[in-house]
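Engineer: Attaching a predicted model along with its sequence, questions to come.
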Amino acid sequence: MIADVDGTLVTQEKVLTERAIAAVHKLHDAGIIFAVTSGRPPRGMSMLIEPLKLKTPISGFNGGIVVDQEMNVIDQKVIQQDLVKPMFKLLKSMSLDVWVYQGASWFVGNRKAPHVDREAWTVKFEPTVVDDIESITENIAKIVGVSDDLNAVQQATEAAHKEFGTHVSAEPSQPYYLDITHPEANKGSTVDYLAAKYNIPASAIATIGDMPTDVLMFERSGVGIAMGNAKPDVQKAARDVTLSNEQEGFAVAVERFILGLS
């Protein structure tokens, strides 16, 4: 089973509940391999390793980077360098703030910009503030456009699809975050990677998530489960729908759809 993190495995306040922890341990006891994937940087998932007893590779940046439990890079897909500055230009034209992720580092242009405080609290490390974020163009794992104008985020998503086509993957990981990564850096590729690593057919993998970035892993896996807090189009793409992340939807999905306990 592969789980998204924010909006799925944790609550809106980014809390990993005791019931969610217990559900993962039940998977371990049943001999079911459990892994996580997220738009977060890998370091932003390190706090999950101990409580969930994770032994699997951790997939960050929506599949753009895969690390082991010691945060050593196993695999990485970076954005084509000549596309980076045009992406900056597009995001700024829509008045989105720009964040850049390069390896284990997170760069921002303004520490006081919207959602930086929240993101630092969520991932448990601070960004590096730079005067000229547009000077960072090499080995970029992810660019994020950030805005509380959700229409602007949607318009930027559509513009990225139109301008860059299949050269990038561009989808919101939250309504206010537009994640741009390498075209093969998506959660569908995470399913493929783990299926190959563990010699498990994709049809024997279950996935669970709440955002458009999770739909590709629904499509690549045997069972896709949408959270109750997911939008209708995401729910429609899944085979099953559970409760929201504020109603222990992850644990309910494990118990009901994976283990058949209720």
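Structural biologist: Yep, that arrived. Residues are numbered from 1 along each chain as shown.
Engineer: Low-confidence regions, the stretch 151-262 of the chain specifically.
Structural biologist: Counting by pLDDT under 70, the stretch 151-262 of the chain has low-confidence residues at 262.
Engineer: how about the strands of it, start to end?
Structural biologist: With DSSP state E, counting those that start in this stretch as the criterion, the stretch 151-262 of the chain has strands at 169-174, 177-181, 206-209, 223-226, 240-241.
Engineer: Highest mean neighbour count out of those?
Structural biologist: Greatest average neighbour count among these goes to strand 206-209 (a mean of 29), per mean count of other CB atoms under 10 Å. C-beta coordinates here come from the backbone N, C-alpha and C atoms, glycine included.
Engineer: Of all the strands of the stretch 151-262 of the chain, which one is nearest residue 131?
Structural biologist: Smallest distance to residue 131 across the strands of the stretch 151-262 of the chain (CB to CB): 22.0 Å, for strand 177-181.
Engineer: strand partners of the closest one, parallel vs antiparallel please.
Structural biologist: Looking at strand 177-181 with DSSP bridges, its partner strands are strand 142-146 (antiparallel), strand 169-174 (antiparallel).
Engineer: Mean confidence (pLDDT) on the strand or helix carrying residue 51, please.
Structural biologist: For residue 51, the element it lies in under DSSP states H and E is helix 49-52. When pLDDT is averaged along helix 49-52, the result is 98.
Engineer: Run through who's touching stretch 66-78.
Structural biologist: 42-43, 46, 49, 54-55, 57-60, 63-65, 103-104, 139-141, 181-182, 184-185, 189-190, 193 (CB atoms under 8 Å, 6 or more residues apart in numbering).
Engineer: Filter the residues you listed down to the buried ones, ChimeraX style.
Structural biologist: The following ChimeraX line selects those of the contacts of stretch 66-78 that are buried, judged by 16 or more other CB atoms under 10 Å:
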select :42,43,46,49,54,57,58,59,60,63,64,65,140,141,181,182,185,189,190,193
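Engineer: In helices, which of the contacts of stretch 66-78 appear?
Structural biologist: Counted as lying in helices by DSSP state H, out of those, are 49, 189-190, 193.
Engineer: Which pair of those residues spans the longest distance?
Structural biologist: 49 and 189 (21.8 Å).
Engineer: distance of the nearest residue to residue 143 once chain neighbours are set aside from residue 94?
Structural biologist: In space, and not counting its chain neighbours, residue 143 is closest to residue 180: 4.4 Å by CB to CB, 6 or more residues apart in numbering. Note on residue 180: its distance to residue 94, by CB to CB, to the nearest Å, is 12 Å.
Engineer: Between the two, which contacts overlap?
Structural biologist: In contact with both residue 180 and residue 94: residue 145, using CB under 8 Å, 6+ apart.
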